[in-house]
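In: I would like the atomic coordinates for the input below:
(one chain, ligands or ions: 3)
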Amino acid sequence: MKPKKSAEKNLEIRVRGRVQGVGFRPHVWRLAHQLGLGGEVFNDGEGVRIQVAGELEALSVFRQRLESEAPPLSQIETIETQELEKTVGFEGFAIVESVGGKTQTQIAPDTATCGACVTEIYTPSDRRYRYPFTNCTHCGPRLSIIRGVPYDRPSTTMANFPLCPECQREYDDPGDRRFHAQPIACPVCGPKIWLESLTEKGALGEPGKEIQATISRIEEGEILAIRGLGGFHLACDATNPEAVNRLRQRKRRYGKPFALMARDIAVIRRYCHVSAVEEETLRSAAAPIVLLNAEGGERLPEAIAPGVKTLGFMLPYTPLHLLLLETLDYPLVMTSANLSHEPQLISNFEAREKLIGLADTVLFHNRDIANRMDDSVVRIVAGKPRLLRRSRGYVPGAIALPPGFERSASILAYGAELKSTFCLIQKNQAILSQHQGDLENPITYADYQKNLQLFQDLYDHQPQFLVADLHPEYLSTKLAQAHAQSQNLPLIQVQHHHAHIASCLVENGIPLDTSPVLGIALDGLGLGSDGTIWGGEFLLADYQGYQRLASLKPVAMIGGTKAILEPWRNTYAHLKAAFDWQMLEDKYSHLELFDYLQKKPIALLEQMLHKRLNAPLASSAGRLFDAVSAAIGLCRDRALFEGQGAIELEMAVDRHLLSASDVDFAYPFEIIDPPTSPLKRGTFPTALAKGGWGDLRAKYSKSSHKPLYLDPRPLWHSLLEDLSQGASTSVMATRFHQGLIQGIAHLVEKLAQNCQLDGLYIEKIALSGGCFQNRILLEELTANLEAKGYQCLSQAQVPSNDGGLSLGQGAIAIANLDNSTNIYT
Ligand code: ZN
Ligand code: ZN
Ligand code: FE
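Out: Numbering: from 1, shown residues only. Ligands and ions are numbered 1, 2, ... in the order given. Okay, here's the model as predicted:
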């Protein structure tokens, strides 16, 4: 120990955030050693605590580098520094055992192989040369292998692999990159790969040559299953049309595009345009699938992504993937291995049973996957990466809550039904689960329940309130109700579109006490507080509540959910709402569309409409997209997945035409007063209405103006004229997009004027709901509204589809708990 100098100081530094299990203590240790400081560092229940002594100047450098050189997986929230009164005599600098009761670990997301590990697997002299499970403190599996708490090796699927002496030495050495990294392994002690035929018994290929054997099978056009980080993939040569078609047939998946993996950006560039932001996203530690415009010199078979002009590419994110792709100068299809509608397979046992008929051969490994992690999906829109599916690489990264939410209650929000996620809120942060999928599938639903429990265990989360959607038939709502009853907890039910808007506000850091914004929620469907189906909503909203200022004019969904799968039903309903059928017959019977519709059981539909039998009215933007898409002959008879029509419609837009055309080019929309039964003023929270929220009602009836409809009827006149004149689908798709954008913009101005008359000034406009995954809609509407002086908020780190709903649900619940007019008393 150095002799003490007069300028010496003692500091206590407390670091909060994701600082455990990410190599933070060794980082502190190395810094202290380099700077010749004495002291100690340890984990406790709140994060990392450092006591450090040394010269003033060195301490200041220490404090600065603590943050600037923090390990890649750490996420510092706060650093508090305090001078210690008494002088602590330290012998050197040490990492000491964790103290202070239960250590609450923040878990990092699964992370793509880091540069140092990549170097090792390509260095022949390294003991991890070509080892497919190489990882370190800065990379590798995390949530995907965690079974329980505390987060250390025995509670992960690495429990079966005791460390060999060499690995143990690395694990114990604070100077090593693998110090206390739980998933580390090497060829001596770690997991292994093997190749197996599903039809013949026994392993295939020579040991040590599995990767080569896999590649030669791919080159021969075979479909293989490959066990990865968060599940199994089905893989084949993406440039082999026969293999790709065979995969489609086997998987019985005919519509949705297949994800692709390529060795490097250069290979991707042959097929797609890759912007700087897109490249950065592809190369990020999360390594998601990025949707790219297929504008390269070369083309992939149509069956990769039928009907769309984008391709979803990712880069290899594990050593196994790196080794597989190393020699391939063409992309592989890497689609999740599952049967249609079922979740991705994760266990070897399941795989052997369920992959028969899908894959011929399987590249297995024996590092079990504890938690299914789908590949995340990102699209760059308006220059920002937007998550469409948030899972591997991002979850369980915490989302900081905006000012005002500091001392919030512990909340568990159950999300929606499709693309479901759930959300834990505690202390100032929200933990959003990975994409769970569609709960109506029993395996997905069982997984969702398992994960709810796992996350609560991992975060030692004891909810004080449960939150669910207003829809009584969502399985998530039913489960929340059952839990509320069995655990004797209050349940708050939140209106769907209000939750979309709140989700958008949270991720944009809008404080709890914000003045109301104009929320535009466009999606497929959600239950409104008036009991009807909503989906094209204009809400004056803050976290606590909302007032429905306007909506798309409701149109019948004939056959209920059948209208989602059979888009033409929406065309029929929209035409019926816009015209007298006789007039249509007189004027447009020459149209192919008319012919098509005539062949459908129109008399029956007519009866359903007339008697209001299974033909609920819905103000759904999603169904309007379906109706137009089917009318112009894109996705008409059957949609293979929800939103297919909208995606094809977007893809048909001619961007040059869009920017070159003038106002008159747009299909017209009309703003009208609701004719007879005006829109009910939906006000949150309906489920709590019995509790007495008179003040809330007063607050959210701020606008004295009657709610309005945005009526698409006029667009149908123009569209039928276009059809008569043989306009191209791309002209019609472009005119529709422009019409919708201008219709919305006009409505916004009208609503803002009305609000102004009531003394309310609209400055911010929050855009959310699944329709805003549409690049043209989001980019052009934002540009239009910002040119008028509004500030547009949109979603990026959280999906704007129902995958982001649980975050909004949680925030709304908190806002209402903190309300002084306590709704519970
Ligand atoms: Zn690494
Ligand atoms: Zn080892
Ligand atoms: Fe929704």
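
In: need the contact list for E302.
Out: P241 (C-beta atoms under 8 Å, 6 or more residues apart in numbering). All C-beta spots, glycine's among them, are computed from the backbone N, C-alpha and C.

In: now it: how far from ligand 2?
Out: 47 Å (C-beta to the ion, to the nearest Å).

In: same thing with S659?
Out: 58 Å.

In: for M373, same thing?
Out: Applying C-beta to the ion to M373 and ligand 2 gives a distance of 25 Å.

In: swap in L805?
Out: Separation of L805 from ligand 2 (C-beta to the ion): 44 Å.

In: Tell me if that residue really is in a helix.
Out: Yes - L805 sits within a helix when classified using DSSP: H, G, I helix; E, B strand; the rest coil.

In: ok, it - contacts?
Out: 415-416, 421, 469, 496, 499-500, 503.

In: What of T310?
Out: By C-beta under 8 Å, 6+ apart, the neighbours of T310 are 257, 291-294, 379, 651.

In: Could you give the backbone dihedrals for it?
Out: phi -120, psi 150 (degrees, to the nearest 10).

In: If it is in a bridge, with which residues?
Out: T310 has these beta-bridge partners by DSSP bridges: N293.

In: now the residue lying closest to L649 once chain neighbours are set aside: how far from ligand 1?
Out: Spatial nearest neighbour of L649, chain neighbours left out: S629 (4.3 Å); criterion: C-beta to C-beta, 6 or more residues apart in numbering. According to C-beta to the ion, S629 and ligand 1 sit 46 Å apart.

In: does the closest residue to L527 other than its chain neighbours sit in a helix, a strand or a coil?
Out: Spatially, and ignoring its direct neighbours in sequence, L527 is nearest to H471 (4.2 Å; C-beta to C-beta, 6+ apart). Classification of H471 by three-state DSSP places it in coil.

In: hang on, H471 packs against L525?
Out: No - applying C-beta atoms under 8 Å as the test, H471 and L525 come out as separate, 9.1 Å apart.

In: Can you pull out the low-pLDDT segments for the protein?
Out: Applying pLDDT under 70 to the chain flags the ranges 1-6, 86-89, 99-105, 202-203, 675-704, 818-825.

In: Show me which residues of it sit near ligand 3.
Out: 523, 526, 802 (C-beta under 5 Å from the ion).

In: rewinding a little: who's more crowded, H471 and L525?
Out: L525 (26 against 20; other C-beta atoms under 10 Å).

In: Quick check: which element contains the more buried one?
Out: Element membership for L525, per DSSP states H and E: strand 517-527.

In: hang on, the earlier thing: of the contacts of L805, just the buried ones, ChimeraX syntax please.
Out: Buried residues among the contacts of L805 (16 or more other C-beta atoms under 10 Å), as a ChimeraX selection:
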select :415,416,421,469,496,499,500,503
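
In: Which residues does stretch 154-169 contact?
Out: 127, 145-149, 153, 171, 176, 178, 182-186, 188-191, 366-370.

In: So that stretch, near ligand 2 or not?
Out: Yes - counting by C-beta under 5 Å from the ion, ligand 2 has neighbours in stretch 154-169: 164, 167.

In: thinking again about what came up before, which residues are in contact with the residue nearest to L527?
Out: 417, 477, 496, 526-527.

In: Same check on D711?
Out: Applying C-beta under 8 Å, 6+ apart, the residues contacting D711 are 552-553, 669-672.

In: Sort out for me which of those are in strands.
Out: Taking DSSP state E as the definition of strands, the contacts of D711 contribute 552, 670-672.

In: By neighbours, which of the residues you listed wins?
Out: Neighbour-wise, the ones in strands among the contacts of D711 (other C-beta under 10 Å) top out at L552, 26 neighbours.

In: how far away is the closest residue to that residue other than its chain neighbours from ligand 3?
Out: Spatial nearest neighbour of L552, chain neighbours left out: G536 (3.0 Å); criterion: C-beta to C-beta, 6+ apart. As judged by C-beta to the ion, G536 and ligand 3 stand 11 Å apart.

In: Check the burial of the residue nearest to V628 when sequence neighbours are not counted by counting its neighbours.
Out: Excluding its sequence neighbours, the residue lying closest to V628 (C-beta to C-beta, 6+ apart) is F736, at 5.1 Å. F736 has 26 neighbours, counted by other C-beta under 10 Å.

In: From what I see, F736 and F665 are in contact.
Out: No - counting by C-beta under 8 Å, F736 does not reach F665; the two are 10.8 Å apart.

In: Please list all residues in contact with H590.
Out: Applying C-beta under 8 Å, 6+ apart, the residues near H590 are S724.

In: related to what we said a few turns ago, ligand 3: which of the contacts of T310 is nearest?
Out: R379 (17.6 Å; C-beta to the ion).

In: The residue in the stretch 301-450 of the chain that ligand 3 sits nearest to - nearest residue in space that isn't next to it in sequence?
Out: Per C-beta to the ion, the residue of the stretch 301-450 of the chain with the smallest distance to ligand 3 is A416, at 6.4 Å. Once flanking residues are discounted, A416 sits nearest to D802: 3.9 Å by C-beta to C-beta, 6+ apart.
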